[in-house]
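Asks: Kindly return the folded structure for what I paste below:
(one chain, ligands or ions: 1)
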Amino acid sequence: MPARQMTIRQHLIDPEICIRCNTCESRCPTGAISHARNYVVDAETCTFCMKCVRPCPTGAIDNWFEVELPFTLAKQHGWQRLPEPASSGEVGSQPAEALDDEAAQILEIAHRGVGAGSRAPVSAAKPRVNTFTRQNPARATVTGNARITAKDADSDVHHIIIDFGAEPFQYLEGQSIGVIPPGTDEHGRPHAMRLYSVATARDGERPNTNNMGLTVKRVMARRPDGSLVPGVGSNWMCDLEIGDELDVIGPFGSTFLLPEDPMVDVLMVCTGTGVAPFRGFTHRRRRTSPNGPGRLYLFFGARTPEELPYFGPLQRYLQTELHRELVYSRLQLSEREYVQHRLRKRADLVADLLSKSTTHLYVCGLSGLEDGVDEALTEIAVRHGLDWASLRSEMRDQGRFHVETY
Ligand code: NAP
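Replies: All right, here's what the predicted structure looks like:
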């Protein structure tokens, strides 16, 4: 029998999915991640600390190859996509799915050790990912585009419906998709992909339609000289007209998913357009198990009711269908309130939900939200004889705690 050559594990970033948001590079404590053409990982400096894994919005970061010779940075910069397991040119390269049992266990423990590797809820349906790529995107047609914040509100948020016609685009609530604005950037390169959460249940805006809704806020972008200009992606999306066509990539994401089990309670905490996946969750629950017994709880923050996306449609739910805590930070005659303040005000309800071994907790929105919610839950837990730090890692291990913040 030929001797088996020693292999090492190498962390790699999928250039096809990566949206070049720089999150991984900014979180890497050892400087192992850098970028030029692609975002790349230096095999000599990467310590597998996993600090880059959870914040990555697309999952492009989460690739682990067993190689005899690590891929050089120059080689990684030349990739359009990750190499095929057998045709990589590096003897013995293979993706993490093919690791032997021991290596797979090490990887699993490494994820668990830092609490980084988020898991899908046990009862969630299995998601499809990367069905459509930059090279092979799905073509969609805009069938609706409506402003969902008040006409005179500062924040201009749109609900945009795109339809895939005869081409099945299968996704689950909580997954994201990518779109590529037409044209090129200031360097003459195609624009980077923009990522949006699907705001619709898996069977479409209305049951049995092959479409999806997206929640898009028109934003300004800051130029290197400090001046503000309309953001390319969000403005293109918000200006789309019915009948316009666009390429769609994805779907992405395999953990921020809704449990199928109708018995479990779901606690959702979000700000602004971070509500998008929770609209999908709510529609799915309403269609499949409207009478529970598991219940939905939504803590949702915006500056004013006029700026709260989907304010009107949200009023149509009974509190028993969707328990809502709508929270405003800039009402003229009231003190600033954030969702974490409201969590504290509803401490008994929150503690009751946390103490159930089946509750699923989701946090989605601005990046500062994660720490704020964490502090609030720590306080609530202490007051109710719970330990949030250990509960959090237990919930994460069991696929019951999910964060998606940008
Ligand atoms: P926004 O309108 O800027 O803010 C919503 C509310 O959050 C405001 O009341 C704001 O208060 C408050 N807020 C600010 N900092 C906070 C903090 N540290 N903790 C708690 N609340 C805080 O929100 P947005 O522009 O829509 O941003 C939503 C985020 O969700 C973005 O980062 C977006 O990338 C992300 N997201 C979007 C999607 C999507 O599909 N579009 C999906 C997932 C996530 P003040 O302004 O008064 O301070």
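Asks: from here on, contacts and neighbour counts on C-alpha atoms
Replies: Will do.
Asks: which one is R218 nearest to, not counting chain neighbours?
Replies: S234 (5.0 Å; C-alpha to C-alpha, 6 or more residues apart in numbering).
Asks: right, and the helix or strand after the host helix or strand of that neighbour?
Replies: Element membership of S234, judged by DSSP states H and E, is helix 232-238. Where DSSP H and E defines the elements, the next helix or strand beyond helix 232-238 is strand 245-252.
Asks: distance between that next one and the chain's centre?
Replies: Strand 245-252 sits 15 Å away from the centroid of its parent chain (C-alpha atoms, centre = their mean, to the nearest Å).
Asks: now it: mean pLDDT?
Replies: In this model, strand 245-252 has a mean pLDDT of 95.
Asks: from here on, count from 406
Replies: Renumbered: residue one is now 406, and that last one reads strand 650-657.
Asks: List of residues touching that strand?
Replies: With contact meaning C-alpha atoms under 8 Å, 6 or more residues apart in numbering, strand 650-657 is reached by 463-464, 533-539, 542-547, 575-576, 580-585.
Asks: got the contact list for the spatially closest residue to A681 that is not a sequence neighbour?
Replies: Nearest residue to A681, sequence neighbours excluded (C-alpha to C-alpha, 6+ apart): A604, at 4.4 Å. The contact partners of A604, by C-alpha under 8 Å, 6+ apart, come to 578-579, 617-620, 680-685.
Asks: Starting from D557, give me the distance back to A604.
Replies: Relative to D557, A604 is positioned 24 Å away (criterion: C-alpha to C-alpha, to the nearest Å).
Asks: Could you do V621 as well?
Replies: V621 is 17 Å from D557, where distance means C-alpha to C-alpha.
Asks: what about those two, which has more around it?
Replies: Comparing V621 with D557 by other C-alpha atoms under 10 Å, the one with more neighbours is V621, at 24 against 9.
Asks: What is the neighbour count of G648?
Replies: 13.
Asks: Spatially nearest residue to it (excluding sequence neighbours)?
Replies: Using C-alpha to C-alpha, 6+ apart, the closest residue to G648 is V547 (5.3 Å).
Asks: Please apply the same query to R700.
Replies: In space, R700 is closest to D670, 4.7 Å off (C-alpha to C-alpha, 6+ apart).
Asks: What are the neighbouring residues in contact with that neighbour?
Replies: Contacts of D670 (C-alpha under 8 Å, 6+ apart): 699-702, 758, 763-765.
Asks: list the contacts for A707?
Replies: Contacts of A707 by C-alpha under 8 Å, 6+ apart are 676-677, 713, 731-734.
Asks: list the buried ones in stretch 452-467?
Replies: Across stretch 452-467, burial judged by 16 or more other C-alpha atoms under 10 Å covers 453, 455-467.
Asks: correction: stretch 549-562
Replies: So for stretch 549-562, counting by 16+ other C-alpha under 10 Å, buried means 549-550, 552-555, 560-562.
Asks: related to what we said a few turns ago, could you check how far the residue nearest to R700 is from V755?
Replies: 11 Å.
Asks: Who are the contact partners of whichever residue of the stretch 406-555 of the chain sits closest to the ligand?
Replies: Using C-alpha to the nearest ligand atom, the closest approach of the stretch 406-555 of the chain to the ligand is made by P462 at 9.2 Å. Applying C-alpha under 8 Å, 6+ apart to P462 gives the contacts 809, 811.
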